Structure formats: structure tokens, C-alpha cells
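Novice: everything below, folded, please.
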Amino acid sequence: MTIRAAVLETMGLPAPYAESRPLKIRDIELDDPGPGEVRVRVLAAGLCHSDLSVINGDRPRPLPMVIGHESAGEVLQLGPGVHDLAVGDRVVMVFMPSCGGCLPCQEGRPSLCEPGAASNGAGTLLGGTRRMRLNGQPLNHHVGVSCFAEECVVSRRSCVRVDASLSPAEAALFGCAVLTGAGAVFNTARLPAGSTAAVVGLGGVGFSALLAAVASGAREVVAVDLSDDKLALARELGATLAVNARDPDAAAQVRSATNGGVDCAFEMAGAIAAMDLAWAITRRGGSTISSGLPHPDRRFALPPVQMVAEERTLRGSYLGSGVPARDLPRYIEMYRRGKLPVHRLMGEQLALDDINRGLDRLATGQAMRDVVMF
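Specialist: As a prediction, this is how the structure comes out:
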């Protein structure tokens, strides 16, 4: 069948993206799902910095590729062997498929699935297949999802069934922003009630972490960003202190207000300067957790003597160290009960033809979580 999709053919085109148009809207061919796969009608897809990182070359991937990884949709067709979904089910796509058999999966850490990581890096679905073509030539899949398209074929291991009462625009945010940001707080940090926390970088992932820190009962929640508008929203959402990272005294302000630093600082910007700041505002004996993804060539200068003498911990958190089939229903129920007001993070709703303009809003920090609606 033929569908419309946003295809990345060249990385590193300059901004403004509305002029350079790195994403080309093409008519492509989509194959039927194979064994263990499903075909999904995409209803909504969020624009995330991880998409921009592929487009600008910070996260090199094989091209040409249909981009997009945060989405919600409706099951249209089941491949052979898929018996636990039905046509018409609503699903949220997850950007790390889990095979269920490798050592990390057996340990309950599906975000570290080894075959999933290999297939994502190769631009295939789990198992090595490609189900999209442009003029007869194979197209690569973006982390097993490729949701900037009217439809997609994904591994059954790349989607989680959700309640259809959730709007597609809301549901899409749970597939990356909420899983990653809230998961870093709930799963990676296991943030205790009464502790102190800071979030550096208030994109969709950072705001989700901030909401989770508030929901966890942290007594102090510090928001750090370059945008005063985002800092004002952070205050509305429960931040007890908001600091502009441009201020040369930003770290000193946080340390002074929190009696030497926070118990846990979350770096969510994917920038080395943000990582430096998150480390600087973590107290003795505290933890610094990063979900940011800077260019793989960038390096963070970690002072080992400080890490040892102050018993500091530095940790990474990928997909919120989560189990999507377990965590997504939990987070959605928290949202329904008003504990994770994710709807406050939503920005513009865009058509697929406007996606390059959405990339400009994302790159300049204007956007909250813009969503492409189908």
C-alpha cells in the first residue's frame, strides 16, 4: 500500500528547517506486517529532540530513513503469531523493542535489550526486517517506529496497548517524554519522599521528570532552564525554585537554596554545559542522573577525586530504566488522577506538511511538546 511519510535523506542541513526542509514528505510503499509484527494507523506523533538529533547529525543513523519515535495509533493488521492484540486496539509505540530473551531482558531491564539496540542502530525492525520502500528501494526504520507517517509497521515488542479513552495527542507523549522523564525519577533514582531534586533542561522529558519529582513528594524541586517562560510554567507545576541557567551564579543559587546541593539532579538537555551544571548542584553523597543524548563525540570531565571523596554517583537512564508494559498503564493512571498533569506540556498540533516548521520551534527551544496529528 502507498502512504505519506516524512523521509530524511540528508543529515546536517542548516536551520531554519522550514527553508532547508530536511524532512521530505514522500509517497512510500508499506508492506504487510511479517511474523510478530503489526500494522498501525498513526493518530498522533510527538516532536522530540531525539528526532532532531538524527536530523542534525548528533545521532547518526542509516539513511534514507522515515523519522519519528513517539506516537499513539490504532492497530490495523496483525502479522502471523500476534495473538495478544486485536484490530482496533489503541497502542503507544515504544522506541526500544525488547526481545525478552537476552540477558538484560531476563534481568528485567528491557530498555537495555541487546537485539533491540542492534536493530535500532541498523535501521531495521526487531529481527532485521525493513517494511518500507521508496521507489522500490528499502527505507530504514527510526528506532523501530518511524511514526512521522500515516501508517507504520512495527514489532509487537515495540507497542503497548492502552485505554482508548485517552486522546491520541495525550497518549503519544507517554511513549517517550513521560516514559523517559518520569521513569528517571521513579525507576532510576527511586526518589524518596522528602528528598530534594533538580531538573536541568525543561523539554518534554525534563518537564515529565519535574512532574514525577513533585508526585514523589520531594520537599524541594528546582527547575533550571534557559527559558523564563518555561521556568514560569515549572513554578505553576510545583517547582519550589526556578533558576535561569544563563545566570553565572546559577549553581551557587541552587546550592545556597538547598543547603549545599540537591539529593538528585536530573540532566535532561543533552548538552555538556547542562551536565556540568547538574553535577555542580548535586550535594555530597548525592546522585546525578542523565537522560540527555549529546553527540557521541562529546565528553564530560568527571573529577574522580570529588566522586570518591564525596561518595557521589553518576548514572545514565535510558527509556526511564523502565518496563513499558508495566510503567505505561501506571503513568496513565497517575495522569487520570491528576498526579502527572502531562496535558500542561502540550504545544501546537501540526499537520504532517508543517513538520519542518515544528523542527524550528523545537531547535530554538520555543516549543513545549508539539504533536503531528493524522
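Novice: just checking, V92 touches E74?
Specialist: No: V92 is beyond contact range of E74, at 11.3 Å (criterion: Cβ atoms under 8 Å). Every residue, glycine included, has its C-beta placed from N, CA and C.
Novice: those two: which is more packed in?
Specialist: V92 (27 against 16; other Cβ atoms under 10 Å).
Novice: residue contacts, the closest residue to the more buried one other than its chain neighbours?
Specialist: Sequence neighbours aside, G175 is the residue nearest to V92 in space, at 4.5 Å (criterion: Cβ to Cβ, 6 or more residues apart in numbering). Neighbouring residues of G175 by Cβ atoms under 8 Å, 6 or more residues apart in numbering: 46, 69-72, 92-95, 328.
Novice: mind checking which helix or strand the residue lying closest to I272 once chain neighbours are set aside is in?
Specialist: Leaving aside its chain neighbours, I272 sits nearest to R298 (5.4 Å; criterion: Cβ to Cβ, 6+ apart). Using DSSP states H and E, R298 sits in no helix or strand.
Novice: likewise for the one 10 residues further on?
Specialist: Following DSSP H and E, the helix or strand that holds V308 is helix 304-309.
Novice: after that helix comes which helix or strand?
Specialist: Heading C-terminal from helix 304-309 (DSSP H and E), you reach strand 313-316.
Novice: could you dump that next one to CSV, C-alpha only?
Specialist: Extracted in CSV, the C-alpha atoms of strand 313-316 (Å, rounded to 0.1, in the frame of the first residue of the first chain):
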residue,chain,number,x,y,z
THR,A,313,27.0,8.8,42.0
LEU,A,314,26.7,9.5,38.2
ARG,A,315,24.1,7.3,36.4
GLY,A,316,22.6,7.1,32.9
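Novice: doesn't R39 make contact with E74?
Specialist: No: assessed by Cβ under 8 Å, E74 is found out of contact with R39, at 10.0 Å.
Novice: and the closest residue to G121 other than its chain neighbours, how many neighbours does it have?
Specialist: Using Cβ to Cβ, 6+ apart and skipping residues adjacent in sequence, the residue nearest G121 is R61, 7.7 Å away. Neighbourhood size, R61 [other Cβ under 10 Å]: 20.
Novice: before we move on, what about P33?
Specialist: P33 has 25 nearby residues by other Cβ under 10 Å.
Novice: any chance of JSON lines for the contacts of G175, columns secondary structure?
Specialist: Putting the contacts of G175 into JSON lines (DSSP: H, G, I helix; E, B strand; the rest coil) gives the following:
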{"residue": "G46", "secondary structure": "strand"}
{"residue": "H69", "secondary structure": "coil"}
{"residue": "E70", "secondary structure": "strand"}
{"residue": "S71", "secondary structure": "strand"}
{"residue": "A72", "secondary structure": "strand"}
{"residue": "V92", "secondary structure": "strand"}
{"residue": "M93", "secondary structure": "strand"}
{"residue": "V94", "secondary structure": "coil"}
{"residue": "F95", "secondary structure": "coil"}
{"residue": "L328", "secondary structure": "helix"}
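Novice: so which of those residues is the closest to M368?
Specialist: G46 (10.2 Å; Cβ to Cβ).
Novice: all helices of the stretch 1-150 of the chain, in order?
Specialist: 17-20, 49-55, 103-106, 114-122 (DSSP state H, counting those that start in this stretch).
Novice: can you check which of those gets nearest to F148?
Specialist: Across the helices of the stretch 1-150 of the chain, F148 has its closest neighbour in helix 49-55 (7.8 Å, Cβ to Cβ).
Novice: so how far is I332 from the residue nearest to V92?
Specialist: Between G175 and I332 the computed distance is 11 Å (Cβ to Cβ, to the nearest Å).
Novice: now swap in I55 and tell me
Specialist: Counting by Cβ to Cβ, the gap from I55 to I332 is 29 Å.
Novice: between these two, who's got more neighbours?
Specialist: I55 (25 against 22).
Novice: for that one, which non-adjacent residue is closest in space?
Specialist: P22 (5.0 Å).
Novice: Three-state assignment for the closest residue to S216 other than its chain neighbours, please.
Specialist: In space, and not counting its chain neighbours, S216 is closest to L191: 4.6 Å by Cβ to Cβ, 6+ apart. Per three-state DSSP, the local secondary structure of L191 is coil.
Novice: so L191 touches A197, yeah?
Specialist: Yes: in this structure L191 lies within contact range of A197 using Cβ under 8 Å: 6.0 Å.
Novice: what do those two both touch?
Specialist: In contact with both L191 and A197: 185, 213, 216, 218, 263-264, using Cβ under 8 Å, 6+ apart.
Novice: related to what we said a few turns ago, the residue nearest to V92 looks like it's in a helix, true?
Specialist: Yes: counting by three-state DSSP, G175 is located in a helix.
Novice: and for the nearest residue to V143 once chain neighbours are set aside, the neighbour number?
Specialist: In this structure, V143 finds its nearest non-sequential neighbour in F95, 4.1 Å apart by Cβ to Cβ, 6+ apart. When neighbours are defined as other Cβ under 10 Å, F95 has 26 of them.
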